[in-house]
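J.: take a look and give me a structure for this.
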Amino acid sequence: METQSALAEPVEWFLDHLRVEKGSSGHTASAYANDLKIACGYFHSMGLERWTDLGEPLIVGYESSLGDGIAQSTAQRRLSSLRSFLKFLKRRGVGPHADLPSTGGFKKKKALPKALDIDQMLAMLEAPDISKAPGLRDRVLMELIYGAGLRVSEAVGLKMQELDLEKGALRVTGKRGKTRWIPIPKATLGWIQNYLTSGRHQLVKKASSLVILSDRGLPLIRQTAYKKMAEYARKAGIEEDVSPHTLRHTYAVHLLKGGADLRAVQELLGHESIATTQVYTHLDLDEVKKRYRNAHPRA
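T.: Now for the predicted structure:
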């Protein structure tokens, strides 16, 4: 038990670091905790007593154990969690002398949703029954994701005080606690105002600061949002699988096709790296270089 405690205590330091210093969400910290619990169990079973004694043979053995009966994406995440944890320990001088585990072996090509064309997107937006409060809310939910490019978690977590209807903008706090302001298109702004005037009060059961409320006046959970997107896609006659992520992806693609700057789209989406935006929007490096040469006076 002492050995397990000696391995587990530094994990708790790391989790506290994620929550307090990095501002990671509870979901992220929980995922790391689960992954590292599995790693601790493996290394304890192999006789490891302290992280400083962790050597390459044990790391290779753990990596090999991840290939048995689990999805590649899960194996990749567990190894990535261990790498981040060991990097944390090394920075504090209490980590192993072995090289950090490589996460390349489990990587697979990132699957991206197919962007909807404008007619499909309009059909999606027009699918809810806006004569009723829930339908009006669903229209606004889609407007927030497609019209403002919000992540589904950002859309369902948006608060009234984060809306500036006078200036036509909203403030969201995304991953790692990063705050950004996003302009609201006129059409989306109109739907939000309509919902706040004619629909939201019918959903409110008790005081809430959230813009989007469930039929019972509670926070709308992400799973419900996914079900609704699939339902409205079928109603719109779209055969492909559609999720909130599809709408956000469509937002980015439509902006870029309309001539928006890649850096501007990066900021609107809340991506830390432009490489993420480049992959997310199907732009290849040649296209990025072309845009750069056209825009930079010395390129």
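J.: Lys175 and Gly270 touch, don't they?
T.: Yes. The criterion here is C-beta atoms under 8 Å, and Lys175 meets it with Gly270 at 6.7 Å. In short, each C-beta sits where N, CA and C put it, glycine included.
J.: show me which of those two is the more surrounded one.
T.: A direct count of neighbours by other C-beta atoms under 10 Å for Lys175 and Gly270 places Gly270 higher, at 21 against 15.
J.: that one and Ile184, how far apart?
T.: 16 Å (C-beta to C-beta, to the nearest Å).
J.: what do you get for Lys227?
T.: Taking C-beta to C-beta, one finds Lys227 at 26 Å from Ile184.
J.: between these two, which has more neighbouring residues?
T.: Neighbour count, other C-beta under 10 Å: between Lys227 and Ile184, Ile184 has more, with 21 against 12.
J.: need phi/psi at the more buried one.
T.: phi -100, psi 120 (degrees, to the nearest 10).
J.: quick one, what contacts it?
T.: Gly147, Ala148, Gly168, Ala169, Leu170, Ile192 (C-beta atoms under 8 Å, 6 or more residues apart in numbering).
J.: can you select the buried ones among the residues you listed for me in PyMOL?
T.: The following PyMOL command selects only the buried members of the contacts of Ile184, with burial defined by 16 or more other C-beta atoms under 10 Å:
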select buried, resi 147+148+170+192
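J.: show me which of the contacts of Ile184 is closest to Glu56.
T.: Nearest to Glu56 out of those is Ala148 (C-beta to C-beta; 47.6 Å).
J.: what residues are up against that closest one?
T.: Here Ala148 is in contact with Leu170, Ile182, Pro183, Ile184, Pro185, Thr188, Tyr251 (criterion: C-beta under 8 Å, 6+ apart).
J.: could you turn the buried ones of those residues into a ChimeraX selection?
T.: Burial among the contacts of Ala148 is assessed by 16+ other C-beta under 10 Å; the matching ChimeraX selection reads:
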select :170,182,184,188,251
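J.: need the contacts of Ala148 in TSV with pLDDT, can you?
T.: Listed next are those as TSV, based on pLDDT from 0 to 100:
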residue	pLDDT
Leu170	95
Ile182	93
Pro183	93
Ile184	94
Pro185	93
Thr188	95
Tyr251	93
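J.: which ones among the contacts of Ala148 map onto helices?
T.: Among the contacts of Ala148, DSSP state H puts Thr188, Tyr251 in helices.
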